[in-house]
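[1] build me a model:
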Amino acid sequence: MSFLRYKLTQLHARLDEQIRTELTRRAPDTFRLLRLKWLRLQVKDRLHAMAWQPQAA
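    Okay, here's the model as predicted:
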């Protein structure tokens, strides 16, 4: 696993945790949730694109 893929995986997990934390609040911030979900999707798309790239030897 490349270092970049590892860091993106960690970022995705951290964003997941922040989303779960925000959802447990009494009055979740809708705009913060939208931003966190958008960022998580961007990371997921980047990871997916990396999975389909040929690996350098």
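[2] hey, where'd the helices end up in the chain?
    3-24, 30-51 (DSSP state H).
[3] turn the ones you listed into JSON lines, including mean neighbour count.
    Any C-beta I mention is one placed from the backbone N, CA and C, and that applies to glycine too. Shown next, in JSON lines, are these (neighbours: other CB atoms under 10 Å):
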{"stretch": "helix 3-24", "mean neighbour count": "13"}
{"stretch": "helix 30-51", "mean neighbour count": "13"}
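[4] what sits against Arg32?
    Counting by CB atoms under 8 Å, 6 or more residues apart in numbering, Arg32 touches Glu22.
[5] and the gap between it and Ala51?
    29 Å (CB to CB, to the nearest Å).
[6] just Thr30 next, same as before
    Between Thr30 and Ala51 the distance is 32 Å, computed by CB to CB.
[7] export the helices of the chain to CSV and tack on mean pLDDT?
    Listed next are the helices of the chain as CSV, based on pLDDT from 0 to 100:
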stretch, mean pLDDT
helix 3-24, 97
helix 30-51, 96
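[8] Asn5 touches Leu47, doesn't it?
    Careful, residue 5 is Arg and not Asn. Yes - applying CB atoms under 8 Å as the test, Arg5 and Leu47 come out as touching, 6.7 Å apart.
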